[in-house]
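# Sequence and predicted model, in that order:
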Amino acid sequence: MLKKLFTAILAVTLIFPVLTGSALAETALTGAGATFPHPLYSKWFRDYQAEDPTVSFSYEAQGSGEGIRKILAREVDFGASDKFLSDKELKDAPGTLLHIPTVMGAVAVTYYIPGVGTGIKLTPKALAGIYLGKITRWNDPLIARENRQLRLPANEIVVVHRSDASGTTSIFSDYLSSADTSWATTVGRGTAVSWPAGIGAKGSTAMVKKIREVPYSIGYVEIAYALENELDTAALKNKAGRFVKPTMLSTRAAAVQGMKGLKVKDEAEPDYRLSLVNQPGKDAYPIVGLTWLLVYRDQSDPVKGRKLVDFLTWQLKKAEKMTSTLHYTPLPDTWASRVEKTIMSIRVSQ
């Protein structure tokens, strides 16, 4: 059932606008950005439109980079990103931009090794070495040492990475920078980086396609894409020295640690720009990220502004309970009141 739901959602194109609504819709809200939460957002838009048929949604899932660009250019009513904006980006924006956190998710390291199947374990050094182009074969000693129970082939590793400006890449490269000094000093972090090795894929769906079709490949996608497409996922060595698979429990374990870093200027203005990668804790999965909706505090269109506030309030109070069906992790209950205050701080002109 879940497989069919996920497939139906992703059957909708990620390049052209996704329209939901009916002939009764009077207000069209436009958005663009992250593919990371796209399966969940698509369900939210459809479910909310069923409750309020006077509103419709158009969402272009073209990557976090496009979401940021379009909201900064005021081309959309909301942006979606898995990368938070820097202080400079916020300062240069044409208005006060709010980061509304929605859900959390794990970035799974996926692979296709014929005859091996599930069970691969990878250390930060091995994973960074693969993406740096220094570890080129699956039976390299750095990989084989942690996988003595598997007969790893001598075939060359086909490295797959995102070719577009991607929030998933931002989370992935943030982790590699945090966990491996050589990656931090030579490549760094961002929605787009200069990849030392590999072939590109534009969007999460294209990444899945590459991994499924290319033998001996390795890539990274949000866990929902991995699970629903039945991709093998690696267990990664976390900061506590344990190998952990990406699950809702290991995602939440990382989030509990990371959320301790929430900075609050005052009760009305918490700073939700947090990195959740490489968190301590024996059960924490090391590649976890928040995703945000980016909206302007001052809304120039009163009708759109009110509809946007209504939708944001709805997703906070009701929609987060739907996250588990699509393998996302809801925000901690302790965040609800703070996020609601942030949503209610949106000002709608009369």
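Cool, got the structure. Just so it is clear, the structure is predicted and the values come from calculations on it, not from any experiment.
# contacts and neighbour counts: CA atoms only from here.
Noted.
# Doesn't Met322 lie inside a helix?
Yes. When DSSP: H, G, I helix; E, B strand; the rest coil is applied, Met322 is found to be in a helix.
# Surely Glu60 is in contact with Ala32?
Yes. Under the criterion of CA atoms under 8 Å, Glu60 makes contact with Ala32 at 4.5 Å.
# The two: which has the busier surroundings?
Ala32 (32 against 24; other CA atoms under 10 Å).
# So what sits opposite Leu122 in the bridge?
Leu236 (DSSP bridges).
# wait, isn't it in contact with Glu146?
Yes. Counting by CA under 8 Å, Glu146 is a contact partner of Leu122 at 7.2 Å.
# Ile346 - nearest residue in space that isn't next to it in sequence?
Distances taken as CA to CA, 6 or more residues apart in numbering place Arg297 nearest to Ile346, at 4.4 Å, with adjacent residues excluded.
# Contact partners for the one you found?
Gly95, Thr96, Leu97, Leu98, Ser345, Ile346, Arg347 (CA atoms under 8 Å, 6 or more residues apart in numbering).
# I'd like those residues as JSON lines, with pLDDT and neighbour count appended.
Shown next, in JSON lines, are the contacts of Arg297 (pLDDT from 0 to 100; neighbours: other CA atoms under 10 Å):
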{"residue": "Gly95", "pLDDT": "96", "neighbour count": "15"}
{"residue": "Thr96", "pLDDT": "96", "neighbour count": "13"}
{"residue": "Leu97", "pLDDT": "97", "neighbour count": "21"}
{"residue": "Leu98", "pLDDT": "97", "neighbour count": "22"}
{"residue": "Ser345", "pLDDT": "94", "neighbour count": "15"}
{"residue": "Ile346", "pLDDT": "96", "neighbour count": "20"}
{"residue": "Arg347", "pLDDT": "94", "neighbour count": "16"}
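# Which two among those residues are spaced furthest apart?
Gly95 and Ser345 (14.0 Å; CA to CA).
# so where do the helices sit in this protein?
With DSSP state H, the ranges of helices along the chain come out as 2-10, 38-51, 64-72, 87-92, 124-132, 141-144, 167-179, 181-186, 204-213, 223-228, 248-258, 302-317, 336-344.
# now the fifth one, how far from the centre of its chain.
Same thing as helix 124-132. Computed by CA atoms, centre = their mean, to the nearest Å, the chain-centroid distance of helix 124-132 equals 21 Å.
# gap between Gln279 and Asp180?
The gap separating Gln279 from Asp180 is 14 Å, by CA to CA, to the nearest Å.
# If you count surrounding residues, which of the two has more?
Looking at Gln279 and Asp180 with other CA under 10 Å, you find the greater number of neighbours at Gln279, namely 24 against 17.
# Distance-wise, check the closest residue to the more buried one other than its chain neighbours relative to Gly119.
Closest residue to Gln279 apart from its sequence neighbours, by CA to CA, 6+ apart: Ala254 at 5.6 Å. Per CA to CA, Ala254 is found 22 Å from Gly119.
# Likewise for Lys307?
Counting by CA to CA, the gap from Lys307 to Gly119 is 47 Å.
# So for the two, which residue has more residues nearby?
Just comparing Lys307 and Gly119: by other CA under 10 Å the higher neighbour count belongs to Lys307, 18 against 14.
# can I assume that one is in contact with Thr54?
No. Assessed by CA under 8 Å, Lys307 is found out of contact with Thr54, at 9.3 Å.
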